[in-house]
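Colleague: Just need the structure, nothing else, for what follows:
(2 chains)
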Amino acid sequence: MEDSMIVELYWQRSEQAIYETQRKYDRFCLSIASNILPLREDAQECVNDTYLAAWNAMPPNRPSILSAFLGKLTRRISIDRWRKLSADKRGGGSVPAALDELSECIPGGADPAAQAEAKELARAIDRFLDTLPQAQRRIFLMRYFDLSSLRDISAKSSLSESKVKSMLHRIRGKLRLFLQEEGY
Amino acid sequence: MDADKLLDAIGMIDDRHFECGESPRAMTWRRKLIACLAAALILAGSVGTAMAVSPEFRALVFSIFQISTHETPPAADPPAPSQTQSGSPSPSGLGQLDTLSIDGIVHAHYFTSQGVVLTYEGGFYTCSYTQSGAAPSDGAFWELREEGIVNIGAKRIEFPLTHGGRTHQIIFDYAILNGKLSIRVWPQGLSQDPVGNGWNVTAIDGRADIALLSVPVLTDDHYSHDYFLLELDTLKKTDLLAAIPHDGLILDYCQPTSDLRYAFILGTDLQNGSYGYWLCDLEKNTLATLDALTGRNAFSPYFLDNSTLIFLDALGGDRFHLVSYHIPTGAQKVLLEDTTSASKCGAGYRGIQKNAGGGKHCLVFREDGSVDLMDLGSGAVLNMTGLNTKKLTTSESPDGSRILIAYEETNDRGILGYGFSSLGILNPDTGKLYMLTRDVTGNPETFCGWLNNSSVVITARDAGGAYYVYIYEFPN
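Modeller: This next block holds a predicted model:
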């Protein structure tokens, strides 16, 4: 079913919306959740929670790109779950490595906790991504949005793992400079 | 700023960075779907042939009755979509069919509103949606009556609520549809935070006098929720879990029974980090994890009735048991044993997402390709062999007495959603299926499901983008 029709089903409060979403995007959402959570049951629960969140968000939301909308929900729910689990030292997956790498990009300084500032930071990252060539942007998103492993990115992009690693290193360096210029 | 904040911010980037349109994975899936449809056609042909030559095989298939209808043309004002529906014989040719003729009734209705929402309680809600999420002034519920689809208006509740150091403006519309409370929340608290950290008001199954109000509370960098029973007439609020010792628990979700005797909650124990489900006895004011009560690894529960919980017991990997748990006695029944994710039930068995499944029956897709209809209360199984069920839309009537089975057509690109060519009404107690065939118009028809216990609704859009619905009445 086309995405616009699936969104329409959500608007009509149709249970079929969940079924069609699951049929089309279950693997997609599960792959994002599995990159973050090592246990299959946890990942599957987060995907189920994604469907519930989508159900609660539409209407009034009418996402133009359903896959991006679901991907963001899955990612956020899965990271929240990972944070809860990590409190019990039960976490794992690729989040710690991604966090270590991202810490290189932080110029230091203030620690703004407000959500508004987080949104501002997201807009800054938007502007940064606009400066990247498409191939680099895809690699960045696979690593830090999808939280895919280097091996998976290598397989998906037909680049060697060392090439992916060096590309990410250079992108992180650019991001660090960009954020410094933006005042972070 | 720390890496956590950066990780979160990356999750909030704009959609423009994602490749537009539908994912390549979706395209792959579509190709697979088309291949499956082709295989299903071949299979259906084989089944038909086998049935024609084998009385024994025919005997395995439950009875199918034909319904021929005289459909009332849609009203001329407002203009209705052109259609030439008829009660033509089913092409299935399954064995010796008993033919039953009834006068079917079909209503057609155009909506002028841009947003038409089919409510879970068997009606419609319309309003002028705004991108800002501001409360519309023209919200209205619609109900099917003898004279057709009627606007019954909406009651608006609006009040400020200060809780946990924050003030929320609670706004929602509600009406009683088919005896059930139907609620539309404005602004949708969850829309500002789709993960669920907004306030919300939801109906409680079986109650038209009270609603469940959930309010977020931020403590120690964690969002939790408090849950209140809200009396709709007086707006009196009662803390549902006030007497339940739940300090140190972060609450994400709560669902009470209609008699308010029990509730289950989903949350995290801050002391040990464990995340899972707890069952509250609201009469004895006790709280226990569902795992401890059942001795299982429980997830996705929902209340089948006021004393029975249905849940999945994770076995590791993709495998799980489907379990029924009688709370007062502690008795358990494994309804499905050691099954896999390939054997999901119905339109996705998802427990807490009650709106997305989880009624009195479920469809079980077996690993050998067969399909059973299971009564979740008794565990009784009706074999559905002979129906290509995986390609159908199925849903249960609100009272659980009948199952709708709708065949969906594709457009010339093989995409589903372009009309429901036949509707089947299955009585699970007798195993009898009544089929009604339709001539589809080619307009997108996105939804086919129960409006109430005796009516089925199909929602559609015409070439100009206007919304309309057909309602078929199938009296008991």
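
Colleague: Name the nearest residue to the residue nearest the centre of chain A, sequence neighbours excluded.
Modeller: In chain A, the centroid-proximal residue (C-alpha atoms, centre = their mean) is A:Phe145; its distance is 3.3 Å. Nearest residue to A:Phe145, sequence neighbours excluded (C-beta to C-beta, 6 or more residues apart in numbering or on different chains): B:Ile10, at 5.7 Å. All C-beta atoms are positioned from the backbone trio N, CA, C, and that covers glycine.

Colleague: from memory the one you found sits against A:Arg143, does it?
Modeller: No: using C-beta atoms under 8 Å as the test, B:Ile10 is too far from A:Arg143 to be in contact (9.7 Å).

Colleague: Between these two, which has more neighbouring residues?
Modeller: Per other C-beta atoms under 10 Å in any protein chain shown, whichever of B:Ile10 and A:Arg143 has more neighbours is A:Arg143, with 27 against 24.

Colleague: Please confirm that that one is located within a helix.
Modeller: Yes: counting by DSSP: H, G, I helix; E, B strand; the rest coil, A:Arg143 is located in a helix.

Colleague: Is it in contact with A:Leu168, as I believe?
Modeller: Yes: with contacts counted by C-beta under 8 Å, A:Arg143 reaches A:Leu168, the gap being 5.7 Å.

Colleague: Check what pLDDT the spatially closest residue to B:His163 that is not a sequence neighbour gets.
Modeller: Leaving aside its sequence neighbours, B:His163 sits nearest to B:Val215 (C-beta to C-beta, 6+ apart; 4.8 Å). Looking at B:Val215, its pLDDT is 90.

Colleague: Identify the bridge partners of B:Val215.
Modeller: Judged by DSSP bridges, the bridge partners of B:Val215 are B:Asp226.

Colleague: What's the separation between B:Leu177 and chain A?
Modeller: In this structure, B:Leu177 and chain A are 12 Å apart, going by C-beta to the nearest C-beta, to the nearest Å.

Colleague: Could you do B:Lys155 as well?
Modeller: Note on B:Lys155: its distance to chain A, by C-beta to the nearest C-beta, is 19 Å.

Colleague: which residues sit in contact with the nearest residue in space to that residue that is not next to it in sequence?
Modeller: Nearest residue to B:Lys155 in three dimensions, chain neighbours excluded: B:Tyr174, at 5.5 Å (C-beta to C-beta, 6+ apart). Contact analysis of B:Tyr174 by C-beta atoms under 8 Å, 6 or more residues apart in numbering or on different chains lists B:Ala154, B:Lys155, B:Ile157, B:Leu181, B:Ser182, B:Ile183, B:Arg184, B:Ala211, B:Leu232.

Colleague: Would you mind measuring from B:Tyr174 to chain A?
Modeller: Taken as C-beta to the nearest C-beta, the span from B:Tyr174 to chain A is 14 Å.

Colleague: How about B:Asp2?
Modeller: For B:Asp2, the distance to chain A equals 7 Å [C-beta to the nearest C-beta].

Colleague: cool, B:Ile425 as well?
Modeller: Distance, B:Ile425 to chain A, using C-beta to the nearest C-beta: 17 Å.

Colleague: Tell me how many other residues surround that residue.
Modeller: Using other C-beta under 10 Å, B:Ile425 has 22 neighbouring residues.

Colleague: Shouldn't it be within a strand?
Modeller: Yes: in this structure, B:Ile425 lies within a strand as judged by three-state DSSP.

Colleague: Please name the nearest non-neighbouring residue to B:Phe320.
Modeller: Per C-beta to C-beta, 6+ apart, closest to B:Phe320 is B:Leu312, 4.6 Å.

Colleague: Burial check on that neighbour, number of neighbours?
Modeller: B:Leu312 has 25 neighbouring residues, counting by other C-beta under 10 Å.

Colleague: Would you confirm that the residue nearest to B:His163 contacts B:His225?
Modeller: Yes: between B:Val215 and B:His225 there is a contact under C-beta under 8 Å: 6.5 Å.

Colleague: what about the nearest residue to A:Lys165 once chain neighbours are set aside, distance to A:Arg172?
Modeller: Leaving aside its chain neighbours, A:Lys165 sits nearest to A:Leu150 (6.1 Å; criterion: C-beta to C-beta, 6+ apart). Going from A:Leu150 to A:Arg172 by C-beta to C-beta, to the nearest Å gives 14 Å.

Colleague: got it, and B:Val117?
Modeller: Distance, B:Val117 to A:Arg172, by C-beta to C-beta: 45 Å.

Colleague: Now chain B against chain A: closest residue?
Modeller: Closest approach between chain B and chain A, counting by C-beta to the nearest C-beta: B:Gly273, at 2.8 Å.

Colleague: pLDDT score for that residue?
Modeller: Confidence score, pLDDT, at B:Gly273: 74.

Colleague: Check the secondary structure at it for me.
Modeller: With three-state DSSP as the basis, B:Gly273 sits in coil.

Colleague: okay, now it: neighbour count?
Modeller: As a burial measure, B:Gly273 scores 16 neighbours (other C-beta under 10 Å).

Colleague: Could you do B:Glu337 as well?
Modeller: Residues near B:Glu337, counting by other C-beta under 10 Å: 12.

Colleague: Can you name the helix or strand that it falls in?
Modeller: Per DSSP states H and E: B:Glu337 is located in strand B:332-339.

Colleague: State the mean pLDDT of the host helix or strand of B:Leu322.
Modeller: Using DSSP H and E, B:Leu322 sits within strand B:319-326. Mean pLDDT, strand B:319-326: 86.

Colleague: Stretch B:146-163 too?
Modeller: Per-residue pLDDT values over stretch B:146-163 give a mean of 88.

Colleague: helix or strand for A:Tyr25, which one?
Modeller: Assessed by DSSP H and E, A:Tyr25 sits inside helix A:15-36.

Colleague: Same check on A:Thr50?
Modeller: Element membership for A:Thr50 (DSSP H and E) is helix A:40-57.

Colleague: got it, and B:Phe264?
Modeller: B:Phe264 is located in strand B:262-269, with elements delineated by DSSP H and E.

Colleague: So which bits of the helix or strand just after that strand are buried?
Modeller: Downstream of strand B:262-269, the first helix or strand assigned by DSSP H and E is strand B:275-281. Residues of strand B:275-281 classed as buried: B:Tyr275, B:Gly276, B:Tyr277, B:Trp278, B:Leu279, B:Cys280 (neighbour count, 16 or more other C-beta atoms under 10 Å in any protein chain shown).

Colleague: Apart from its neighbours in sequence, what residue is nearest the last one?
Modeller: Distance criterion C-beta to C-beta, 6+ apart; nearest residue to B:Cys280, sequence neighbours excluded, is B:Ala263 at 4.6 Å.

Colleague: wait, isn't that neighbour in contact with B:Thr286?
Modeller: No: look at B:Ala263 against B:Thr286 with C-beta under 8 Å: they stay out of range, at 11.5 Å.

Colleague: what about these two, which has more around it?
Modeller: Set B:Ala263 next to B:Thr286 and count neighbours by other C-beta under 10 Å: B:Ala263 wins out with 22 against 12.

Colleague: could you point out which element follows the helix or strand bottoming out on mean pLDDT in chain A?
Modeller: In chain A, no helix or strand scores lower on mean pLDDT, DSSP states H and E than helix A:95-103, which sits at a mean of 65. Remark: after helix A:95-103, the chain's next helix or strand is helix A:115-131, criterion DSSP H and E.

Colleague: average pLDDT across that following helix?
Modeller: On average, helix A:115-131 scores 81.

Colleague: what residues does that helix touch?
Modeller: A:112, A:137, A:140-141, A:174-175, A:178-179, A:182, A:184, B:1, B:5-6, B:8-14, B:16-17.

Colleague: Model confidence score at residue 80, please.
Modeller: Going with chain A. Looking at A:Asp80, the pLDDT reads 81.

Colleague: Actually, chain B is the one I wanted.
Modeller: Here, the pLDDT recorded for B:Ala80 equals 38.
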